[in-house]
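Asks: Below: sequence and its predicted model.
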Amino acid sequence: MVSTGSLLAQTKPPSVTNSIGITPALGPAKSAWTHPGPKAYTDVITSKAVTDSGLFIVHRVEDKYYLEIPDSLFGRDILVVNRLSKAAAGMRNLFFGYAGDFIGENVIRFDKGPNNKVFIRNISFDEISRDSTYPMYKAVANSNIQPIVQAFDIAAPGHDSTGAVVEITSFLNSDNEILNFEANQKRLFRVGSLQSDKSYVNSVKSYPMNTEIKTVKTYTRSGGTVTGSPATMSGGASSGAFTVEINSSMLLLPSEQMKARYYDDRVGYFSREYVDFDANPQGIENIRTITRWRLEPRPEDVEKYKRGILVEPRKPIIFYIDPATPKKWVPYLIQGVNDWQVAFEKAGFKNAIMAKEAPANDPNWSLEDSRYSAIVYKPSDIPNASGPHVHDPRSGEILESHINWYHNVMELLRNWYFVQASPNDPRARTTRFDDELMGQLIRFVSSHEVGHTLGLRHNYGASSTVPVEKLRDKKWVEEHGHTPSIMDYARFNYVAQPEDKISEKGIFPRIGDYDIWAIEWGYRWYPDAKDAEDEKVILNKMTVERMKNKRLWFGRETNPDDPRSQNEDLGDNAMKAGTYGIRNLQRIIPNLEAWTREPDHDYHSLNTLYNEVVTQFGRYVGHVTKNIGGLMETPKTVDQPGAVFETVPKETQREAMEFLNRQVFTTPTWLLNKDIYSKIGLSGVTITSRMQEMALSRILSAGVINRLLTAEATEGSATYTLNDLMSDLKRYTFSEVVLHKPIDIYRRNLQKSVVERLLGIVRPATGGATAAQPGIVITLVPTVGRNSDAVSFAKGTLRALQSEIRTALPFYSDVASRYHLQDLMDRIAEGLKVEK
């Protein structure tokens with residue numbers, strides 16, 4: 001890593017004062033240029049120049065800006081990061097459109113060209129050949145000429161007759177692909193054409209490692225809508241113009257790259273991928289390297305580190321707290337960062353990460369300065385937070401991060417804690433938490449987002465390593481926590497029951513065993529390893545040994561089929577955990593009006609938190625449905641025994657169907673509260689129907705059906721089959737028909753939904769659609785192949801239902817049940833195209 005001191009020595013001309021407004025006194029330049037065109041240095045950088053020195057020397061001469069590029073920077077990789085330093089009124093779109101938001105990045109190089117030109121090239125690292133002695137090196141280079149995206153006339157040689165001075169005024173003011181919105185961000189915000197007469201350069205300031213450019217730009221707003229986003233952006237018109245201030249950081253990438261570390265599926269890091277033509281002598285190889293900060297001991301501490309003595313890193317990770325942050329939350333945000341110190345100690349470093357308040361009244365500190373990482377407080381009604389980072393695309397080295405902290409994340413935290421912890425924590429039985437409770441909630445989210453900035457992905461599988469009954473064991477859970485990873489979406493211990501008397505320590509998430517292991521894996525320094533290949537051997541040996549501890553398992557958030565890798569879930573058995581969770585929700589409903597009562601307020605809070613209870617119930621149902629047709633994946637190398645892919649056991653899938661019968665198909669009457677509905681205007685029929693529709697859409701999806709058929713082909717009757725699913729579904733949802741009992745409105749709706757889902761398999765509709773209730777997404781059944789056994793089983797189930805209904809009809813005298821069954825007969829007959 002290039003230090004600040006060495007960079008200053010490399011780029012700062014000794015006779016130029018590093019301040020604004022001081023005229024350089026350099027004397028006449030001795031020209032080293034052979035081509036005509038450039039003027040003498042003093043003819044361009046006149047006595048009117050206002051100069052700032054750093055990475056580049058920046059000159060402002062009246063209304064023109066000049067960049068003085070030393071020879072040492074030609075051919076060097078420079079990362080350009082663009083952010084909104086001031087966002088436009090009316091441009092927000094969901095989570096985006098706030099001051100501090102990232103809008104694009106590039107890696108560029110300045111090159112000298114012919115005819116007194118300086119070019120900017122946009123650099124890609126998607127295909128590489130590192131070894132210049134390897135025959136493929138030249139071929140790869142010849143097939144990957146980096147595009148020239150900007151050309152400048154050399155206005156003058158540098159002050160020492162080397163380098164080059166170029167005028168950048170029009171470049172800064174233009175709508176170019178380097179200092180601007182990248183293409184997908186333009187689409188997101190519907191950025192149209194630049195209005196140059198309403199745009200200008202605000203400032204250009206140079207620091208030792210970076211140069212910061214602020215421009216004010218006005219754009220027309222393009223028409224149309226963005227896929228997956230609202231038709232219009234919140235707070236603004238759908239046409240017209242908007243003005244933004246863009247901060248562009250030009251950051252010099254290290255000449256000595258950090259040693260890359262290969263990605264491993266068994267440990268969850270963000271990564272980048274590229275094609276390497278050297279790695280495989282008989283072809284190519286797609287290489288993935290993780291993103292991480294560069295932590296190395298100081299030279300004088302190397303031997304101590306090797307002996308296992310904790311040492312401070314040469315450059316620690318420091319987060320600054322945005323001065324706009326309300327003061328009462330600052331200590332909790334700081335603690336959330338500092339909580340990671342224990343993990344880095346396992347990697348051999350002390351004081352490796354910390355948070356500080358931003359320096360007050362320091363002209364050399366700026367939130368936009370790319371040398372500084374920060375938690376940026378956004379005045380937003382969005383209930384969210386996120387932890388992005390900027391990294392060197394060549395090595396994966398994380399260079400800086402701006403954590404997005406949206407003001408209204410507190411509403412999200414209130415809602416989560418209310419529905420998951422209020423039966424156990426009396427402090428949560430209100431709509432407004434005290435500052436200490438809210439502060440601790442902020443601390444947990446701060447730690448989670450910081451984990452992302454360290455390179456860690458979500459570990460949705462962590463909580464599945466904990467036996468459900470341990471979550472009710474006060475001593476155990478307060479010692480170990482309810483999940484081994486704060487990177488899980490495990491939120492709070494909703495399994496704990498009031499009689500367990502578990503304290504906050506056993507309810508709140510915290511940095512756990514997996515997090516400590518993941519940081520050790522990613523950040524332990526191996527000075528004797530020559531490259532990533534050498535490290536791979538060391539790390540694999542360590543990983544194979546550590547994976548014997550089930551608590552260190554990583555379950556990726558992108559796996560759609562593994563019931564162990566789910567968000568918002570707890571424990572090793574979703575049916576048991578969900579049952580305990582529902583018991584707690586059943587404790588909330590009778591108290592909901594009292595706990596949400598606010599004098600002189602309407603029933604908004606009652607409405608919000610009732611829907612949160614419904615949403616939480618929906619989560620439990622979703623966790624259970626993923627077990628049916630589930631396929632568990634445990635990534636392994638050949639050094640580890642056992643299967644990588646395993647079908648969820650038959651008894652577990654049966655248990656899941658029994659849960660659905662007990663909690664969903666049997667009407668959840670505990671959720672139906674007439675007093676609440678009279679205040680907020682909801683319908684119990686709608687709520688239960690949506691919940692049942694969600695369950696049916698998942699267990700009868702094409703993905704589940706195909707996995708059941710595939711498992712049966714391999715394992716036969718030892719697995720849960722599609723016939724088992726159809727038989728159980730019919731038995732659970734049409735039990736009244738067999739017993740000739742009256743069918744109430746809730747069950748009539750359920751039975752119609754089952755028939756329609758089965759008909760959808762037999763004669764699938766074209767196209768798809770979705771319907772939503774807060775927290776619940778219902779997706780119509782995808783098309784299955786006409787030759788699939790699914791069609792045969794659906795037809796067989798419908799015919800069996802048809803026969804049972806025909807037999808039962810004479811025994812029904814109540815009009816609603818009889819009409820309902822006749823309707824089902826008509827639907828089935830029409831769908832199967834047979835005579836009744």
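Replies: Nice, I can see it.

Asks: Count the neighbours of Ser422 for me.
Replies: The tally of other residues near Ser422 (other C-beta atoms under 10 Å) stands at 21. C-beta coordinates here come from the backbone N, C-alpha and C atoms, glycine included.

Asks: Disregarding residues adjacent in the polypeptide, which is nearest to it?
Replies: Excluding its sequence neighbours, the residue lying closest to Ser422 (C-beta to C-beta, 6 or more residues apart in numbering) is Ala428, at 4.0 Å.

Asks: Surely the one you found and Trp416 touch.
Replies: No - in this structure, Ala428 is not within contact of Trp416 by C-beta atoms under 8 Å, at 9.7 Å.

Asks: With adjacent residues omitted, what lies nearest to Tyr620?
Replies: Per C-beta to C-beta, 6+ apart, closest to Tyr620 is Gly578, 3.6 Å.

Asks: How about the contacts made by the one you found?
Replies: Tyr620, Val621, His623, Val624, Phe659, Gln663 (C-beta atoms under 8 Å, 6 or more residues apart in numbering).

Asks: low-confidence ranges in the stretch 1-150 of the chain?
Replies: For the stretch 1-150 of the chain, the stretches with pLDDT under 70 are 1-36, 90, 92-95, 97-98, 127-144.

Asks: which phi and psi does Val61 have?
Replies: phi -120, psi 100 (degrees, to the nearest 10).

Asks: now it, which residues is it bridged with?
Replies: Ala49, Lys64 (DSSP bridges).

Asks: ok, it - contacts?
Replies: If a contact means C-beta under 8 Å, 6+ apart, then Val61 has Val44, Ile45, Thr46, Lys48, Ala49, Val50 as its contacts.

Asks: tell me the SS of the residue nearest to Tyr620?
Replies: Per DSSP: H, G, I helix; E, B strand; the rest coil, the local secondary structure of Gly578 is helix.

Asks: Low-confidence stretches in the chain?
Replies: Checking the chain against pLDDT under 70 turns up 1-36, 90, 92-95, 97-98, 127-144, 223-239, 277-283, 764-783, 834-836.

Asks: Identify the structural domains in it and state their residue ranges.
Replies: 4-252, 299-620, 721-836 (automatic domain parsing).

Asks: Highest mean neighbour count out of those domains?
Replies: domain 299-620 (a mean of 19; mean count of other C-beta atoms under 10 Å).

Asks: Quick one: end-to-end distance for that domain.
Replies: End-to-end distance for domain 299-620, by C-alpha to C-alpha, to the nearest Å: 53 Å.

Asks: starting at the chain centroid, how far to that domain?
Replies: Distance of domain 299-620 from its chain centroid, counting by C-alpha atoms, centre = their mean, to the nearest Å, is 13 Å.

Asks: And stretch 789-807, by the same measure?
Replies: On C-alpha atoms, centre = their mean, the centre of stretch 789-807 falls 44 Å from the chain's centre.

Asks: Quick check: Asp814 touching Pro742?
Replies: Yes - with contact defined as C-beta under 8 Å, Asp814 reaches Pro742; the gap is 5.3 Å.

Asks: got the contact list for Arg818?
Replies: By C-beta under 8 Å, 6+ apart, the neighbours of Arg818 are Leu809, Tyr812.

Asks: Look at it and give its secondary structure.
Replies: Applying three-state DSSP: Arg818 is helix.

Asks: Report the separation between it and Asn627.
Replies: Counting by C-beta to C-beta, to the nearest Å, the gap from Arg818 to Asn627 is 37 Å.

Asks: now swap in Thr215 and tell me
Replies: 54 Å.

Asks: For the residue nearest to Asn567 when sequence neighbours are not counted, pull up the helix or strand it's in.
Replies: Ranked by C-beta to C-beta, 6+ apart and with sequence neighbours excluded, the top spatial neighbour of Asn567 is Tyr489, at 3.6 Å. For Tyr489, there is no host helix or strand (DSSP states H and E).

Asks: Next up, the contacts around Tyr489.
Replies: His458, Tyr460, Glu557, Asn567, Glu568.

Asks: Surely Ile284 touches Val275?
Replies: Yes - judged on C-beta under 8 Å, Ile284 makes contact with Val275 at a distance of 5.5 Å.

Asks: Identify the residues contacting stretch 308-315?
Replies: 1, 294-298, 301, 304-305, 345, 348-352.

Asks: Downstream of the helix or strand hosting Thr215, the next helix or strand is which one?
Replies: Thr215 is part of strand 210-221 when elements are defined by DSSP H and E. Beyond strand 210-221 in the direction of the C-terminus, DSSP H and E gives the next helix or strand as strand 241-252.

Asks: I'd like to know which elements the very next helix or strand once past that next one is packed against.
Replies: Toward the C-terminal end, the helix or strand that comes next after strand 241-252 (DSSP H and E) is strand 271-276. Applying 3 or more C-beta pairs under 8 Å, 6 or more residues apart in numbering; DSSP states H and E, we find strand 271-276 packed against strand 127-128, strand 285-290.

Asks: Among these, single out whichever gets nearest to Lys541.
Replies: In terms of C-beta to C-beta, the element of the helices and strands packed on strand 271-276 nearest to Lys541 is strand 285-290, at 17.8 Å.

Asks: what residues does the closest one touch?
Replies: For strand 285-290, using C-beta under 8 Å, 6+ apart, the contacting residues are 260-263, 269-276, 279, 395-396, 455, 522, 532.

Asks: Just the buried subset of those residues, please.
Replies: Among the contacts of strand 285-290, those buried by neighbour count (16 or more other C-beta atoms under 10 Å) are 260-263, 269-272, 274, 276, 279, 395-396, 455, 522, 532.

Asks: With adjacent residues omitted, what lies nearest to Thr220?
Replies: Nearest to Thr220 is Gly192, by C-beta to C-beta, 6+ apart, at 3.5 Å.
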